[in-house]
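> Show me the folded form of this:
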Amino acid sequence: MKIWDKGFDNAPQVDAFTVGKDRELDLLLAPYDIEGTLAHITMLKEVGLLAADDFALLRPALEALHQEALEGKFVITGEDVHSEVEARLGPLGKKVHTGRSRNDQVALDIKLFTRARLKGTLEKVSQLFNLLLARADELKDVLMPGYTHLQVAMPSSFGLWFSAYAEALCDDVVFLKAAWEVNDRNPLGSAAGYGSSAPLDRRRTTELLGFGSLAVNSIYAQMGRGRCERQVAFAYASLAETLGKLATDCCLYTSQNFGFVKLPDAYTTGSSIMPQKKNPDVFELVRAHCNRLQGIPNDIRLITANLPSGYARDMQVLKELYLPLFDELDSCLDMLLFALPGMEVNRSLMENPLYQQAFCVEEVNRLVQEGVPFRDAYREVGKAVAEGTFHYEGELHHTHVGSINNLCLDEIRARFEACFS
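Residues are numbered from 1 along each chain as shown. Got it, this is the predicted structure:
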């Protein structure tokens, strides 16, 4: 029996279509739905809407269900997680929905789920940041060519390259923090979007659930559905852009034409026809997943853009887009954390005559320091390149902030750590 049963059976086709993937996806939300119900019945008892004796029976039953959900043993046989929890509580389950709607219930579940997943992602991002900075420090004196337009441009270093992605993560953490702030507002008690005549204490459930603040306006608490998911998805898309670009570089740099870096054999895959192949599939798949993740904010916008202020069932489809994105991005982080420590770099890369032209600007600047006007020095070096006579053997003197010889890794670390203060 459905919790909204009115004494008639709806068509099986309607039932299957409207339930959709809820039974599958709601398993991800089950622990959080039960946590929300525990907070709700605690508040109901305190405001006199639930007898102490009933609470004493409900609390351990919910705690047992919560443990079941954490262990992956919770099963949904009804319409969704909300109705399943209510049914599993027996006759007393009929009392736990007082002052609630499934609208504010699912909004709460998604926010609690998001909070837990954001925390996990931030921990992995911190690990990746530390790894990138460690590799930058390790390889700060190992030169590599820098490219513009995929043409050899100027000297770079593996230290500069690794630390560039470390600093990019600083920006991504800013977006993740903003997503945390948007998500950190309790919608419970807004019911279907218009509050309730029950004397609910919404500030108490905010405290019990550990939210930083309350979604004050009941209508806005429901309007926040889709909006909050989009902001979180945007933050994850920003992070995905960084990871995808890093993966693309690694794909290029492992190819024979570049030969900048090499993966251990065990980290590569092979070909069914070409026996020589050692493919960087791990980086290619990270790139593909990250490209897909960058489209999710727009997909969410397309579902929610023209909805009115009240709840609409369109929101159900958001779960299909939104809930899986956390596992998808975290798996990319896990793979980079696994692959990057074992990636070897070519320490004699710049001895290849192919990269002599990377030092053209070094020669221009040397001439400028001898008093030659920049534009004249530029033309002189350009002529030497055209005639095939250019050669440079001088030392590099890049002293400004953020250059090859002055990576300022401590400043990058300080910026990252400030994001968590």
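> what ranges do the strands span in this structure?
Ranges of strands in the chain, per DSSP state E, are 143-148, 151-157, 185-186, 213-214, 261-262, 344-345.
> tell me what the last one is packed against?
Taking 3 or more CB pairs under 8 Å, 6 or more residues apart in numbering; DSSP states H and E as the contact definition, the neighbouring helices and strands of strand 344-345 are strand 261-262. From N, CA and C alone the C-beta is placed, and that goes for glycine too.
> Name the residues of stretch 353-365 that are buried.
Neighbour-count burial for stretch 353-365 flags 355, 356, 357, 358, 359, 360, 361, 362, 363, 364, 365 (criterion: 16 or more other CB atoms under 10 Å).
> rewinding a little: what's the most buried one of the strands of the chain?
strand 185-186 (a mean of 23; mean count of other CB atoms under 10 Å).
> looking only at pLDDT, what's the mean for it?
The average pLDDT within strand 185-186 is 97.
> go on, stretch 21-41?
What stretch 21-41 shows for mean pLDDT is 94.
> Let me see the residues that make contact with it.
Contacts of stretch 21-41 with the rest of the structure, by CB atoms under 8 Å, 6 or more residues apart in numbering, involve 50, 55, 58-59, 62-63, 65-66, 69-70, 74, 76, 79-82, 84-85, 95-96, 99-100, 105-106, 108-110, 112-113, 116, 188, 205, 208-209, 316, 319-320, 323.
> Any of these buried? List them.
Among the contacts of stretch 21-41, those buried by neighbour count (16+ other CB under 10 Å) are 50, 55, 58, 62, 65-66, 69, 74, 76, 79-82, 84-85, 95-96, 99-100, 105-106, 108-110, 112-113, 188, 205, 208-209, 316, 319, 323.
> which regions of the chain sit below the pLDDT cut-off?
For the chain, the stretches flagged by pLDDT under 70 are 1-8, 11, 18.
> Please identify the residue most distant from the middle of it.
Most distant residue from the mean C-alpha position of the chain: residue 371, 51.4 Å away (CA atoms, centre = their mean).
> distance of that one from residue 377?
As judged by CB to CB, to the nearest Å, residue 371 and residue 377 stand 10 Å apart.
> okay, the strands of the chain in JSON lines with distance to residue 296 next?
Formatted as JSON lines, the strands of the chain follow (distance: least, CB to CB, whole Å):
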{"stretch": "strand 143-148", "distance to residue 296": "30"}
{"stretch": "strand 151-157", "distance to residue 296": "33"}
{"stretch": "strand 185-186", "distance to residue 296": "22"}
{"stretch": "strand 213-214", "distance to residue 296": "26"}
{"stretch": "strand 261-262", "distance to residue 296": "30"}
{"stretch": "strand 344-345", "distance to residue 296": "34"}
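> Residue 285: which of the ones you listed is closest?
In terms of CB to CB, the element of the strands of the chain nearest to residue 285 is strand 261-262, at 17.4 Å.
> That closest one: partners in the sheet, and parallel or antiparallel?
Sheet partners assigned to strand 261-262 using DSSP bridges are listed as strand 344-345 (antiparallel).
> Not counting its own residues, what contacts the strand it pairs with?
Residues outside strand 344-345 that contact it (CB under 8 Å, 6+ apart) are 139, 142, 144, 158, 260, 261, 262, 263, 264.
> any idea which of the residues you listed is closest to residue 289?
Of all the contacts of strand 344-345, residue 289 sits closest to residue 263, with 18.2 Å by CB to CB.
> That closest one and residue 280 touch, don't they?
Yes - with contact defined as CB atoms under 8 Å, residue 263 reaches residue 280; the gap is 6.1 Å.
> and for these two, which residues touch both?
residue 254.
> Could you find the closest non-adjacent residue to residue 62?
Spatially, and ignoring its direct neighbours in sequence, residue 62 is nearest to residue 38 (5.1 Å; CB to CB, 6 or more residues apart in numbering).
> ok, the one you found to residue 55 distance?
10 Å.
> and if you look at residue 65?
Residue 65 is 15 Å from residue 55, by CB to CB.
> same question, residue 124
Applying CB to CB, the value for residue 124 to residue 55 is 38 Å.
> follow-up on the earlier one: would you format the buried residues of stretch 353-365 as TSV with distance to residue 232 included?
Putting those into TSV (distance: CB to CB, whole Å) gives the following:
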residue	distance to residue 232
355	43
356	48
357	45
358	41
359	46
360	46
361	43
362	46
363	50
364	47
365	46
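> give the contact list for residue 98.
Residues in contact with residue 98 (CB under 8 Å, 6+ apart) are 44, 49, 50, 198.
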